[in-house]
Each structure stands twice: as C-alpha cells, then as structure tokens.
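Q: no sequence on hand, only this structure:
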C-alpha cells in the first residue's frame with residue numbers, strides 16, 4: 001500500500017465508521033464502570049427468616065402488646081426531638097429492610113448503658129448511651145440497622161417457635177397452635193417483656209445474621225457500611241474488666257464478628273461513591289442528649305425474672321387491664337395480676353381496689369383482657385360491680401370436656417393448607433393455624449388438663465422442627481446429600497432423618513416426662529418422599545390417669561423437619577386410626 005493509501009486509511013478511522021467504533025468502546029467502558037457495583041452487590045450474603053409458627057401479622061400483634069409492657073417498665077425519654085430524629089433515621093434504613101413490610105417505630109430510652117433492642121413487628125428502642133457512644137451517624141445507623149434486621153428476620157418469634165417443642169407438653173402445644181390469641185400463646189411460652197424473655201434471647205447465629213443484613217441495609221441506605229464494624233470495634237474496646245457493655249450482655253457476640261462484617265463490606269464492593277458518614281442533625285442530637293439530666297436511680301427498669309406476672313406462675317394471665325372513663329384510663333394490669341389466687345380473680349371494682357381514682361366524680365369502668373385455659377377473653381365491669389374471672393360458665397365449659405369422647409369424624413373431608421403442606425380432614429373438625437404450624441381437632445378434642453391448661457386430647461398437630469446442627473450437620477438440606485463422597489445418598493439421608501427424629505422425640509420427652517416409644521421409627525412414603533413413622537405413648541390430658549397414643553410422622557425439608565402427630569386416648573386410638581390414615585394419604589408437601 002502506498003503512502004497515499006496509508007494516509008487515506010488513517011483518515012478513514014476518523015470518519016463515521018471509526019467514530020461509531022470509538023463511541024461503542026466508550027459506551028461499553030462506561031457501562032462496565034456502572035455495572036461493576038451491581039456485580040459486587042449481587043455477591044452479598046443471602047438471608048431469609050427461619051421457621052416460625054407465628055405469621056408476620058402476629059409478629060405485629062405481639063410487638064404491640066409487649067411494647068406496652070416494655071414502655072411501662074423502661075425509663076422512656078418521651079422527648080419528641082429525640083424520637084423524631086430516631087424515626088427519620090430509622091425509616092430511611094427500614095425502607096431497605098427486606099421481607100414483610102412492618103410498621104417500624106424507633107424510640108429513645110433514658111439509659112446511659114450502650115444498648116438497643118427490638119421487639120417483633122418493628123418496635124425498636126435505642127438507649128441514650130448508644131447515641132452518646134457513636135462517633136458519627138453511620139455508627140448510630142449501624143446499631144439501628146442491626147436491630148431492624150432482627151425484626152425483618154423475625155428472630156424474636158423464631159426463638160419462641162423453636163422453644164415450643166422443648167418447653168411445652170405435647171397436648172398443650174397442640175392447644176397452643178389452636179389458640180386464636182397470639183398474646184395467650186406467648187404467655188404460655190413465657191414470652192412477655194422480661195430480661196429472660198424468649199423474644200429477646202437471640203442466638204449467635206441470629207446476631208451474625210443481624211450484623212450482615214444490617215451492613216447491607218447501611219449500604220443500600222447510602223451510608224458507609226464500614227460504620228457497623230467501626231462501632232463494634234469501639235464498644236469491644238470499652239467491654240473490658242468490670243466495665244461490661246450491656247449490648248454484649250443482651251446480644252451474644254459471635255466469633256470473628258468484626259472480621260465477618262468486613263467480609264460483607266467487601267462483598268458489597270466497599271463504600272459506594274458519596275456514601276454518608278455523618279450529618280449536622282446527628283451532631284446536634286448528640287449534644288442535646290449529652291445535655292439531658294442523668295437517669296434517676298428511681299427509674300423503672302426491666303423486671304427480669306422477678307416479674308411475677310410474666311413468669312407464668314399464675315395460669316390466669318391478665319394480658320391488659322385499664323380503669324377509668326372517657327379518655328382517661330390508667331393501667332392496672334400488674335395490680336390485678338398480683339391479686340390472682342389459685343388461677344382466679346375475684347374482687348369488687350372500687351377506687352380503693354383499683355389503687356386510686358383517675359377522675360373524681362365520674363363513673364368509671366374496668367376493662368380486662370385475660371388468657372385462661374388456652375383462650376383469650378374480654379370483660380368490662382362498672383364501678384361497684386364485682387368481677388370473677390374466669391366465669392363459672394367458662395369453667396364449666398372447659399371442665400365438661402374432660403372424660404367425654406370427642407366428636408366422631410365425618411365421612412366428608414375438606415382441605416387445610418399452609419406454607420408447609422396440604423392435608424384433608426373431616427369437615428366436622430376444626431383446623432387452626434399459627435403461622436407455619438397448625439392443629440386440627442374435633443369438637444371436644446381440647447380439654448382442661450386439670451392444671452388450668454387447655455390441651456389437645458384428640459386430633460392432629462402439624463409443625464416443623466429445626467434439629468441441632470451438631471447432631472445432623474447439613475444432611476437434611478437436599479436430596480443429593482452424600483453424592484461424590486462414596487456414601488450412598490439415600491442411606492445418608494435416611495441416617496440424617498433418623499437422627500433428627502430421635503432429637504425431636506428426645507425434646508418431646510423433656511416436657512412429657514412419662515412419654516415412651518412403643519414402636520421405633522419405620523420407613524414409609526409421604527407424598528412420594530421418604531418419611532418415618534414412630535408410635536409413642538404419653539399421659540393423656542383427660543383426667544383419670546389414662547394414656548394416649550401419639551403417631552408421629554417425620555419427613556425432611558430444606559428448612560427443617562416437618563412432623564405430624566395424630567393423637568387420641570389409647571383405648572380409642574384404633575377407632576380413629578382409619579381417619580388418621582386417610583388424612584396422611586392426603587398430605588401434599590408445599591414445594
């Protein structure tokens with residue numbers, strides 16, 4: 001090619017075609033830069049809530065009930081300036097919380113301890129000590145994002161759910177799942193607002209998950225995600241000798257906590273361009289909080305295990321109680337709970353018995369919501385009237401069930417479904433659901449166990465159990481376990497299922513002292529999948545020292561061990577067995 005052609009060739013690169021190529025290259029380069037953070041963001045750790053016998057709506061109901069008790073015991077700031085700031089910041093964070101969209105609410109507590117906690121449904125409390133300890137808004141936001149993550153991952157009711165099989169006798173568990181009152185259900189589990197409440201006892205796994213999701217929320221909200229690790233490092237340095245940080249007392253610290261947060265920051269691609277660290281609003285509110293008077297030594301504190309009304313020592317639980325008129329009512333729940341004797345409350349409604357007169361000269365009313373024998377009830381009484389709860393009719397109705405045969409199953413069936421399974425049941429029986437769990441019982445299937453508890457004597461329990469990791473590893477997590485390891489997959493899966501079933505039976509026996517295995521687990525098929533059949537004998541809640549047969553079916557799922565218990569008194573089990581068999585054949589596992 002001659003020089004002229006070379007020159008023409010060089011000129012051609014600057015022409016329309018050459019310019020198009022250059023534009024495409026530039027566009028690809030620009031898109032690469034734009035898409036790089038997305039590629040990093042896609043590598044974030046994926047988290048989802050664990051199994052829960054309560055629904056998200058019931059989380060909100062629980063939180064509303066328990067927050068009332070919490071704010072009565074805590075020394076709340078009740079400062080609109082602080083609470084408005086916390087809510088503005090919190091809502092910026094919660095807008096990026098995944099999962100169910102709870103109504104998050106953030107409030108300040110006048111306590112210099114570095115701490116914060118979250119109740120189910122979105123009630124989040126921040127101690128002033130946390131605001132004072134944070135160096136900048138990103139660090140405070142990190143604590144709030146951590147607590148927001150506990151709510152989003154539903155850790156409180158997840159812990160209460162996992163405790164149900166270990167803490168409750170089988171019959172009471174069945175009645176609990178059939179309860180229409182979440183408050184009564186949690187009262188049975190002892191999950192009120194105390195230091196030892198199940199709702200506030202997170203595991204190290206829960207804490208790690210809240211750290212990770214909180215870091216993600218910080219990043220998505222435009223904050224420097226390194227604020228999470230920075231604040232953890234800061235309070236770890238303070239947590240020395242006798243100067244213990246309350247946050248670590250109430251939030252068990254997983255190993256390598258700061259390093260794991262750093263790994264998540266790397267997965268997110270590091271701080272995004274222009275990420276926020278501080279604000280003038282934070283500096284102003286921190287100065288304002290530092291200027292506030294110190295907490296009074298007479299301030300109300302968490303009552304812990306000394307709160308008799310929450311320990312479950314009384315079977316009659318006063319859930320809420322108020323006394324007054326028009327718009328002026330005072331809370332008298334604890335007063336009434338302290339007067340419960342032998343599972344009964346009997347008193348005349350007067351200013352003296354209610355501890356004072358909230359509005360002189362006006363006619364007042366006492367309003368009570370109480371839990372008893374697995375149910376929840378409302379009662380209202382005017383001043384000078386007498387209150388006797390539970391009523392004689394309620395006692396008679398519950399007591400009349402004892403020693404009577406439950407409603408005979410109909411030949412016509414209908415279908416119950418939840419997130420675990422579909423199951424057909426007699427159309428004259430009643431199905432109840434609590435989140436992922438359920439019970440199905442005939443009329444008269446729930447009886448009084450003689451101790452003021454409602455218990456399932458006839459019917460079916462459906463639930464899911466999470467075996468201990470050290471007992472079964474990850475062997476329940478899929479159908480291909482054992483492949484490539486020289487182990488027969490079906491044999492490995494069967495072993496894992498047997499181990500998990502043995503764990504479940506062992507936990508049943510902790511709360512059912514006279515339970516015995518009468519037929520060891522045998523392999524069966526349920527909805528085309530491997531399952532185990534185990535027969536147990538247990539004390540029946542029906543009075544008279546009778547026994548019951550519990551037919552336990554277990555099958556593995558990725559999120560735990562699904563179990564179904566068919567139960568009836570020993571002398572009547574054979575009569576119900578054909579119905580139970582038909583119900584089992586109808587089971588379809590939700591996939």
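A: Done, it's in. Note that the coordinates shown come from a computational prediction; the quantities given were computed from them, not determined experimentally.
Q: off-centre distance for the helix or strand where residue 578 lies?
A: Here residue 578, judged by DSSP states H and E, is contained in helix 573-586. Centroid separation for helix 573-586 versus its chain: 33 Å, with C-alpha atoms, centre = their mean, to the nearest Å.
Q: cool, stretch 124-133 as well?
A: Distance, centroid of stretch 124-133 to centroid of chain: 23 Å (C-alpha atoms, centre = their mean).
Q: cool, and stretch 215-225?
A: The answer for stretch 215-225 is 24 Å, by C-alpha atoms, centre = their mean.
Q: before we move on, what about stretch 225-233?
A: The answer for stretch 225-233 is 26 Å, by C-alpha atoms, centre = their mean.
Q: with stretch 280-293 instead?
A: 34 Å.
Q: and the contacts of that stretch?
A: 77, 79, 81-82, 85, 88, 108, 110, 128, 131-132, 134, 136-137, 140 (C-beta atoms under 8 Å, 6 or more residues apart in numbering). Yep, even glycine has a C-beta here, placed from its N, CA and C like the rest.
Q: residue 259: neighbour count?
A: 9 (other C-beta atoms under 10 Å).
Q: confirm that it sits in a helix.
A: Yes - the assignment for residue 259 (DSSP: H, G, I helix; E, B strand; the rest coil) places it in a helix.
Q: ok, now which ones touch it?
A: So residue 259 contacts nothing (C-beta under 8 Å, 6+ apart).
Q: rewinding a little: neighbour-wise, which of the contacts of stretch 280-293 leads?
A: Result: residue 140 is most packed of the contacts of stretch 280-293 (other C-beta under 10 Å), 27 neighbours.
Q: element containing that one?
A: helix 137-152.
Q: same question for residue 455.
A: Residue-wise, residue 455 maps onto strand 454-456 under DSSP H and E.
Q: so what's the gap between that strand and the chain middle?
A: That offset, for strand 454-456, works out to 23 Å (C-alpha atoms, centre = their mean).
Q: what helices or strands is that strand leaning on?
A: helix 170-177, strand 446-448 (3 or more C-beta pairs under 8 Å, 6 or more residues apart in numbering; DSSP states H and E).
Q: and that strand, which strands flank it?
A: strand 446-448 (antiparallel) (DSSP bridges).
Q: all strands for the stretch 51-200 of the chain, in order.
A: Along the stretch 51-200 of the chain, the segments classed as strands by DSSP state E, counting those that start in this stretch run 105-109, 116-119, 123-127.
Q: avg pLDDT for the first one?
A: If I follow you right, that is strand 105-109. Summarised as a single mean, pLDDT over strand 105-109 is 96.
Q: now the angle between strand 123-127 and it, please.
A: 30 degrees (axes from the mean of the first three to the mean of the last three C-alpha atoms, to 10 degrees).
Q: what's strand 105-109 packed up against?
A: Partner elements for strand 105-109 (3+ C-beta pairs under 8 Å, 6+ apart): helix 80-94, strand 123-127, helix 128-133.
Q: re earlier: could you work out the most separated pair of the contacts of stretch 280-293?
A: Spanning the widest gap among the contacts of stretch 280-293 are 110 and 136, at 22.3 Å by C-beta to C-beta.
Q: where along the stretch 351-500 of the chain do the strands fall?
A: Using DSSP E, counting those that start in this stretch, strands in the stretch 351-500 of the chain cover 365-372, 375-382, 386-389, 413-417, 421-426, 430-434, 437-441, 446-448, 454-456, 459-465.
Q: would you format those as a markdown table with mean neighbour count included?
A: Listed next are these as a markdown table, based on neighbours: other C-beta atoms under 10 Å:
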| stretch | mean neighbour count |
| --- | --- |
| strand 365-372 | 21 |
| strand 375-382 | 15 |
| strand 386-389 | 15 |
| strand 413-417 | 15 |
| strand 421-426 | 20 |
| strand 430-434 | 19 |
| strand 437-441 | 25 |
| strand 446-448 | 26 |
| strand 454-456 | 27 |
| strand 459-465 | 25 |
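Q: next secondary structure after the helix holding residue 578?
A: Taking DSSP H and E, what comes next after helix 573-586 is strand 588-589.
Q: for residue 538, what are phi and psi?
A: Per-residue torsions, residue 538: phi -150, psi 160 (degrees, to the nearest 10).
Q: what about it, how many residues nearby?
A: 23.
Q: residue contacts, it?
A: Applying C-beta under 8 Å, 6+ apart, the residues near residue 538 are 170-171, 512, 514-516, 547-548, 550.
Q: most widely separated two among those residues?
A: 171 and 516 (15.5 Å).
Q: so for these two, which sits in the more crowded spot?
A: A count of neighbours by other C-beta under 10 Å puts residue 171 above the other of residue 171 and residue 516, at 28 against 11.
Q: quick one: the more buried one from residue 316, how far?
A: Counting by C-beta to C-beta, to the nearest Å, the separation of residue 171 from residue 316 is 19 Å.
Q: got it, and residue 129?
A: For residue 129 relative to residue 316 (C-beta to C-beta), the value is 38 Å.
Q: these two: who's more crowded?
A: More crowded of residue 129 and residue 316, by other C-beta under 10 Å: residue 129, with 22 against 19.
Q: list the residues that contact that one.
A: 111-115, 246.
Q: what number of residues lie near residue 152?
A: Residue 152: 28 neighbours (other C-beta under 10 Å).
Q: output the below-cut-off pLDDT ranges for the stretch 1-150 of the chain.
A: 1-42 (pLDDT under 70).
Q: 90 - rerun?
A: 1-42, 48, 50-55, 57-75, 113 (pLDDT under 90).
Q: please apply the same query to the stretch 401-550 of the chain.
A: In the stretch 401-550 of the chain, residues with pLDDT under 90: 401-411, 418-420, 432-438, 443-455, 463-496, 507, 510-511, 513, 520-521, 541-546.
Q: how about the helices in it?
A: 469-472, 489-511 (DSSP state H, counting those that start in this stretch).
Q: middle-most residue in the protein, spatially?
A: The residue lying closest to the centre of the chain (C-alpha atoms, centre = their mean) is residue 157, at 1.7 Å.
Q: name the nearest residue to that one, ignoring sequence neighbours.
A: Using C-beta to C-beta, 6 or more residues apart in numbering and skipping the chain neighbours, the partner closest in space to residue 157 is residue 54 (4.4 Å).
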